[in-house]
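Peer 1: could you work out the structure for the sequence below:
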Amino acid sequence: MVPDLACYSKACANGMPIALLTGRRDVMSLFEGDVFFYTTFGGEALSLAAAIATIQELIEKDVPAYLAEKGKKLKEGYNALAAELGISGYTKCTGYDCRSMVSFDASAGNPLELKSYVQQEMIKRGILWSGFHNMMYSHTDEDVEYTLKAYREVLGLLKAAVEAKDVTGRLKGKPVEAVFRKVSNFNMKPAKAR
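Peer 2: Have a look, this model is predicted:
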């Protein structure tokens, strides 16, 4: 699990180079003399020191448990608000406690328009939102409560827009689009040489 933790290290976050070359023992033993390899930052040790320090901090402060605790409050809080407002039939928050996602069901309208409207209103309240919660160690109970307070307002607005069948009319711009979508007449194969 150390390579996964290293991806979250301060070294990675600060743009310091860090990588891992690994494989079966019989293959890796070839690098002891039979195979020449070179890396640009081969002698650079600062990134490794930063990664080790970060991993130690993750362990000592039990960061995964902290992220799960804060994320669970946010996920369960969102779902409780949706239930309280009577909109849990078309929106819910699911996923791991440390990284959850808000989804919208087509029964209430175009899911991307619903998402766009929530995004627009969350941003108005100072929360950069794109449909998921990616918890960080710097998030506090106050941050979670502020986010839930914003959700209370925004989900109320969403409910009103859905009931009025006017989500699109309340958008200030174009709705977000699906990231992965089929584009007509798009050919994945390279053009043949003529």
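Peer 1: tell me where this structure has strands.
Peer 2: Assigned by DSSP state E, the strands in the chain fall at 91-96, 99-104, 132-134.
Peer 1: between those strands, which gets nearest to residue 178?
Peer 2: strand 99-104 (12.9 Å; CB to CB). C-betas here are computed from N, CA, C, even on glycine.
Peer 1: and the closest one, which strands flank it?
Peer 2: For strand 99-104, the pairing partners within the sheet under DSSP bridges are strand 91-96 (antiparallel), strand 132-134 (antiparallel).
Peer 1: the last one: how far from the chain's middle?
Peer 2: Its chain's C-alpha centre lies 5 Å from the corresponding centre of strand 132-134 when counted by CA atoms, centre = their mean, to the nearest Å.
Peer 1: mind listing what's buried in that strand?
Peer 2: Buried positions in strand 132-134, judged by neighbour count with 16 or more other CB atoms under 10 Å: residue 133.
Peer 1: give me the neighbour count for the closest residue to residue 126 other than its chain neighbours.
Peer 2: Excluding its sequence neighbours, the residue lying closest to residue 126 (CB to CB, 6 or more residues apart in numbering) is residue 150, at 7.8 Å. Residue 150 has 18 neighbouring residues, counting by other CB atoms under 10 Å.
Peer 1: quick one: low-confidence ranges for this structure?
Peer 2: Within the chain, the ranges that satisfy pLDDT under 70 run 1-15, 181-194.
Peer 1: and the residue nearest the centre of it?
Peer 2: In the chain, the residue lying closest to the centroid (CA atoms, centre = their mean) is residue 134, at 4.7 Å.
Peer 1: now for the closest residue to residue 88 other than its chain neighbours, how many residues are close by?
Peer 2: With sequence-adjacent residues excluded and distances taken as CB to CB, 6+ apart, residue 88 is closest to residue 82, at 4.2 Å. For residue 82, the count of nearby residues is 21 (other CB under 10 Å).
Peer 1: how about residue 51?
Peer 2: 21.
Peer 1: does it touch residue 18 like I think?
Peer 2: Yes. Checked against CB atoms under 8 Å, the pair residue 51 and residue 18 is within contact range at 5.5 Å.
Peer 1: circling back to that earlier point, in JSON lines, list the strands paired with strand 99-104 along with distance to residue 69.
Peer 2: Compiled in JSON lines, the strands paired with strand 99-104 are given as follows (distance: least, CB to CB, whole Å):
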{"stretch": "strand 91-96", "distance to residue 69": "12"}
{"stretch": "strand 132-134", "distance to residue 69": "13"}
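Peer 1: one step back: quick one: the residue nearest to the centre of the chain from residue 114, how far?
Peer 2: 20 Å (CB to CB, to the nearest Å).
Peer 1: kindly report the same for residue 47.
Peer 2: Counting by CB to CB, the gap from residue 47 to residue 114 is 42 Å.
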